[in-house]
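K.L.:
Give me the fold of what follows.
(one chain, ligands or ions: 1)
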Amino acid sequence: MAADTLPAENHAFRAFCYNLPMSTATRTTSLFSRNLRKEYPVAVRGEGCWIVAADGRRYLDASGQAAVVSIGHGVAEIGRAMAEQASQIAFAHTTQFHSEPAEKLAARLLAIAPRNFRNGGRVYFVSGGSEATETGIKLARQYFLESQQPSRYRVLARRQSYHGSTLGAMSVSGNVARRAPYAPLIPEWGHVAPCFCYHCPFDKTFPECKLACADDLDAFLRSNDASTVAAFVFEPVVGATLGAAPAVDGYTVRIAEICRAHGILLIADEVMTGMGRTGKPFASEHWGLEPDIILTGKGIASGYAPLGAVLVAPHIVESFEEGTASFMHGFTYQAHPVATAAGNAVFDYLEAHRLFERVTPVGETLRKALAKLENHPHVGDVRGLGLLQGVEFVKDKSTHEPFEKAAGIAEKIRQAALEKNVLVYPGQGTLDGTRGDHVLLAPPFIIKPEECELIAGALQYALSRVFSA
Ligand SMILES: Cc1ncc(COP(=O)(O)O)c(C=O)c1O
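P.N.:
A predicted model of the protein is given here:
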């Protein structure tokens with residue numbers, strides 16, 4: 001009898017079948033869970049914005065899991081497209097072959113990318129956001145080798161940012177909590193101020209601040225040997241770390257000018273914000289930004305397959321073509337035929353159901369529903385762009401003072417919303433990596449107005465529950 005056909009709760013039976021000591025048999029999972037003290041429900045089915053667990057409980061997925069699911073759960077035609085591809089050719093190594101779905105998806109991505117990617121840009125497919133960041137870092141380094149500037153290798157980033165969990169991606173990430181355990185393993189190449197008006201690092205107000213946060217990059221480069229810097233990476237809307245904090249007008253343009261002036265590449269991390277999440281195919285386009293490299297992931301296959309991508313501007317491609325022509329990098333599963341087939345099927349679905357266009361109006365509907373939270377004495381800010389929105393909780397609304405970390409507000413809000421069967425994505429450390437609480441909302445683009453009301457209602461309930469004492 002296969003292990004997965006055994007009823008998990010039947011511990012004695014498991015022990016008998018597998019000749020296990022009872023202590024082992026009574027564990028309900030063999031997975032190295034995210035949190036070994038927690039019990040996790042088993043997800044068995046998805047239907048639109050809903051996830052159904054093995055016990056029949058239905059959860060409204062208000063965060064698209066982690067801002068991943070764009071077209072909704074359980075779209076059968078995506079599975080069919082993947083099965084069809086797998087039945088033709090499931091895998092061919094990229095040292096020997098290209099595949100049709102990868103070629104097709106690359107062309108489609110370049111067609112919706114900012115204008116500078118159009119004539120001669122290329123796409124490097126990977127299996128997720130962290131691999132995209134690794135690839136972007138190494139691409140920037142090798143670009144400068146190809147361009148005869150071997151001193152350039154550092155990739156600067158911002159404090160209060162997240163670019164992935166592998167060691168290269170961690171070294172650019174400015175997420176204090178996620179970095180802390182691995183500090184001895186990761187280099188510090190330099191972090192500058194985030195663009196975060198609600199807790200401005202300079203205690204200024206936009207627009208009187210004259211974009212002091214952008215100028216922080218220039219100041220850093222002037223005082224830290226810019227000739228060793230290869231690139232600057234940033235999230236146009238800071239997702240998990242700040243709870244959907246968008247760049248203000250003028251910020252990305254100034255950043256691009258500073259990068260050009262110092263001869264460094266600009267990398268937009270659109271792992272969370274790409275593929276329509278903020279109301280444009282890529283968030284960079286809200287400000288007419290033309291980065292040299294775009295990292296994307298999550299929504300590119302809407303969770304149906306592990307997929308990420310690095311979009312590379314033509315001038316970088318040319319430097320390789322004129323140089324070694326060979327990127328010293330690679331993953332076995334890059335540009336996987338079945339994963340890119342999923343990406344194409346998701347793209348077809350987004351186009352056929354006009355979901356790219358739906359994000360802005362539905363984002364406004366969600367925002368209106370959330371507006372009723374704003375009067376609560378502990379709701380400091382509701383912010384975001386399109387269907388990437390965040391709610392920040394503060395102790396003192398007039399000073400924006402956060403709660404102490406030990407109060408665990410974001411997690412308590414998550415748990416209380418769960419009582420109403422609504423899944424939100426909590427974050428702590430919003431202010432400085434330690435203090436500050438928010439929840440992130442990033443539902444599928446198909447979310448209905450009544451589901452937006454359910455989300456707002458669950459958060460209202462959670463506020464009353466958490467702050468009732
Ligand atoms: C902006 C950003 N970059 C990179 C990553 C890493 O992506 P992954 O978890 O797919 O490796 C994430 C994940 O949350 C992200 O939000």
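
K.L.:
Can you report how many residues neighbour the closest residue to the ligand within the chain?
P.N.:
Residue of the chain nearest the ligand, by C-beta to the nearest ligand atom: Gly129 (2.1 Å). Yep, even glycine has a C-beta here, placed from its N, CA and C like the rest. Here the count is done by other C-beta atoms under 10 Å, and Gly129 has 30 residues near it.

K.L.:
shouldn't it be in contact with Gly297?
P.N.:
Yes: Gly129 lies in contact with Gly297 (C-beta atoms under 8 Å); the separation is 3.6 Å.

K.L.:
and for those two, which residues touch both?
P.N.:
The contact sets of Gly129 and Gly297 overlap at 271-272, 308 (C-beta atoms under 8 Å, 6 or more residues apart in numbering).

K.L.:
near the ligand too, which of the residues you listed?
P.N.:
Counting by C-beta under 6 Å from any ligand atom, 271-272 from the shared contacts of Gly129 and Gly297 sit close to the ligand.

K.L.:
Adding pLDDT and secondary structure, write the shared contacts of Gly129 and Gly297 out as TSV.
P.N.:
TSV is the format used below for these (pLDDT from 0 to 100; DSSP: H, G, I helix; E, B strand; the rest coil):
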residue	pLDDT	secondary structure
Val271	98	coil
Met272	98	coil
Gly308	99	strand
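
K.L.:
And the pLDDT at the closest residue to Leu289 other than its chain neighbours?
P.N.:
The shortest distance from Leu289 to any residue other than its chain neighbours is 4.4 Å, reached at Thr252 (C-beta to C-beta, 6 or more residues apart in numbering). We have a pLDDT of 98 for Thr252.

K.L.:
tell me which parts of this structure are close to the ligand?
P.N.:
66, 128-130, 133, 162-164, 235, 239-240, 269, 271-272, 297.

K.L.:
For Leu423, state which of the shared contacts of Gly129 and Gly297 is nearest.
P.N.:
Each of these was scored against Leu423 by C-beta to C-beta, and Met272 proved nearest at 16.6 Å.

K.L.:
Now do the contacts for the spatially closest residue to that closest one that is not a sequence neighbour.
P.N.:
Spatial nearest neighbour of Met272, excluding adjacent residues (C-beta to C-beta, 6+ apart): Gly239 at 4.0 Å. Gly239 makes contact with 67, 162, 272-273, 388, 440, 442, according to C-beta under 8 Å, 6+ apart.

K.L.:
Recalculate using a threshold of 7 Å.
P.N.:
Taking C-beta atoms under 7 Å, 6 or more residues apart in numbering as the contact definition, Gly239 lies against 67, 272, 388, 440.

K.L.:
Likewise for Arg159?
P.N.:
Contact analysis of Arg159 by C-beta under 7 Å, 6+ apart lists 174, 191, 193-194.

K.L.:
which of these has the most neighbours?
P.N.:
Pro194 (24 neighbours).

K.L.:
quick one: which helix or strand includes that residue?
P.N.:
Using DSSP states H and E, Pro194 sits in no helix or strand.

K.L.:
Run through the stretch 301-450 of the chain and note the low-pLDDT ranges.
P.N.:
For the stretch 301-450 of the chain, no stretch has pLDDT under 70.

K.L.:
Alright, I will stop here.
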